[in-house]
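*Asks:* give me a 3D structure for the following:
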Amino acid sequence: MTLLIQHPAFLFVALIVCLPLAAALGAVVLHRRAPLSEEARENYNVVQGATLTLLALLIGFTLSMAVSRYDQRKNYEEEEANAIGTEYLRADLLGADAAKTKALLARYLEARVEYYQTRDPATLAANNRSTAELQTQLWDSVRQPAATQPNPVTALVVAGMNDVLNTQGYTQAAWLNRIPVAAWILMLVIAFFSNVMQGYGARGKGGRRVLMFVLPVTVSLSLTLIADIDSPRAGLIRVAPLNLLSLQQSIQTPG
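*Replies:* As a prediction, the model looks like this:
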């Protein structure tokens, strides 16, 4: 299950196979073994409508969750770029230590851009290690001058570096914040039974064929879109580090 929701392409293939089979199960197997009588049609329509309504509400609610998490990742990317850019300017207040801190910030910025762009797990693990090492070096670069000359100016630089380190933690937490697996399981189960009911209640061969194709594809595309938005690295819809890249360009070409 975790593999499917983390890779939207795999999820789409699984859904586009399973949901039509669910509709076929209702239209062929259940309809033959327990034909739906006209007397039970009214009760069936009520249950079917409630099931489809519940599925639509779950899809809408889950899509809202995915979009809010996507927006959160975008906001933290902007905050991270602002924090690094501000600290890069404040580093000039360190005097002789300014060049070292600014060089570390430039390397740190490069690592943060790679964090947003990489899809490879091995590269990501190496990036996390290098980021942690650079954070230690960055903190040491402002801690030592602040300890030597404790004054409001160095305190301002230390506060800015604290923001740089904090925003990275917020970003990482936002990228790990995903739609719960239990919510996915519930939604997939309801989608399965909704397609079974659609096939079971279809009238006529032509109607069955249409319902066995339209509803599964529609639900598959909807759930795949949700999984894509909710997958920071595996999906097509990703947070591009536009602000970090813009900052990197401005640092490389000052003035």
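
*Asks:* what residues sit buried inside the helix or strand encompassing A173?
*Replies:* If you go by DSSP states H and E, A173 is part of helix 152-176. By neighbour count, with 16 or more other Cβ atoms under 10 Å as the criterion, the buried positions of helix 152-176 are 154, 157-158, 160-161, 163-164, 167-168, 170-171, 174-175. (Each C-beta comes from the backbone N, C-alpha and C, glycine too.)

*Asks:* farthest pair within the residues you listed?
*Replies:* Longest distance between any two of these is 32.4 Å, between T154 and W175; criterion Cβ to Cβ.

*Asks:* before we move on, back to that, ok, residues contacting the helix holding A173?
*Replies:* Contacts made with helix 152-176 from outside it, assessed by Cβ atoms under 8 Å, 6 or more residues apart in numbering, are listed as 69, 72-73, 76-77, 79-80, 83-84, 86-87, 90-91, 93-94, 105, 108, 112, 115, 131, 135, 138-139, 142-143, 145-146, 232.

*Asks:* now that we have the residues you listed, which of them are buried?
*Replies:* Applying a neighbour-count criterion of 16+ other Cβ under 10 Å, the buried members of these are 69, 72-73, 76-77, 79-80, 83-84, 87, 90-91, 93-94, 105, 108, 112, 115, 131, 135, 138-139, 142, 145-146, 232.

*Asks:* sort out for me which of these are in helices.
*Replies:* Using DSSP state H, the members of those that fall in helices are 69, 72-73, 76-77, 79-80, 83-84, 87, 90, 105, 108, 112, 115, 131, 135, 138-139, 142, 145-146.

*Asks:* so who does L55 touch?
*Replies:* L55 makes contact with M187, I190, A191, S194, V219 under the criterion Cβ under 8 Å, 6+ apart.
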